[in-house]
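K.L.:
next come a sequence and a model predicted from it.
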Amino acid sequence: MCGIVFIKTPAFYEYHLKICDRFLDRVCYSDRSVFLIFLERTAGNALLLVLVLAGGLHPACLPLPAVVLLYRSYTFGGTLAILFSVYAFPGAVVAFVLYLPIHLLVDVALLLAAGTSVCRAFCFSFCAGDWKELLCDFLAFLALLVLICLLETVLLLALFHPLGNLL
């Protein structure tokens, strides 16, 4: 909601417009390889996952997952407002077919990881067993994010990119 509310402010409007332009130019209507887009989007989501799971290292780190999720929700609302108001029908198609489902699926994965971090924060003791559990959680959530990015790649290939942009 904050992204939608603050979209009327010129500084926030320009920021969200830039995000939307990048998304449309570099992801949806790009001539680049969808495999390269898949790798970039997976790496970006993996970085967010690392930040969210880092919140489970100590109770003092617990604001980190909240900051990541609040920023994602802020940009989500603003981006949706721009897609619908500036880009009209083509923006609505991109929003409903690609942006909204993929963003929400990534948010669900990050929320699950944040819940795991909150549960771990008060009992993490920096011993080998705790690091192993953290690594296993990271790999499990990373696999989920890879599947989500793969779904995004299939949607990009099927709906927005010509078949020649596979590699």
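P.N.:
The structure has been received and is ready for your questions. Residues are numbered from 1 along each chain as shown.

K.L.:
pull out the buried positions in the longest helix seen in the chain.
P.N.:
In the chain, taking DSSP state H as the definition, the longest helix is helix 128-155. Using 16 or more other CB atoms under 10 Å as the test for burial, helix 128-155 gives 134, 137, 138, 141, 142, 144, 145, 148, 149, 152, 153, 155. Heads up, the C-betas are built off the backbone N, CA and C, glycines and all.

K.L.:
OK, contacts around the fourth one?
P.N.:
I take that to be residue 141. Residues near residue 141 by CB atoms under 8 Å, 6 or more residues apart in numbering: 49, 53, 109, 112, 113, 116.

K.L.:
any of those residues buried? List them.
P.N.:
Counted by 16+ other CB under 10 Å, these give 49, 53, 109, 113, 116 as buried.

K.L.:
just the ones of those residues in helices?
P.N.:
Using DSSP H, the buried ones among the contacts of residue 141 in helices are 49, 53, 109, 113, 116.

K.L.:
between the contacts of residue 141, which is closest to residue 34?
P.N.:
residue 109 (20.8 Å; CB to CB).

K.L.:
how close does residue 57 sit to residue 130?
P.N.:
9 Å (CB to CB, to the nearest Å).

K.L.:
so for the two, which residues contact both of them?
P.N.:
What both residue 57 and residue 130 touch, as defined by CB under 8 Å, 6+ apart, is the set 120, 124.

K.L.:
ok so, going back, turn the contacts of residue 141 into JSON lines, including pLDDT.
P.N.:
Below are the contacts of residue 141 laid out as JSON lines (pLDDT from 0 to 100):
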{"residue": "49", "pLDDT": "95"}
{"residue": "53", "pLDDT": "92"}
{"residue": "109", "pLDDT": "96"}
{"residue": "112", "pLDDT": "95"}
{"residue": "113", "pLDDT": "94"}
{"residue": "116", "pLDDT": "91"}
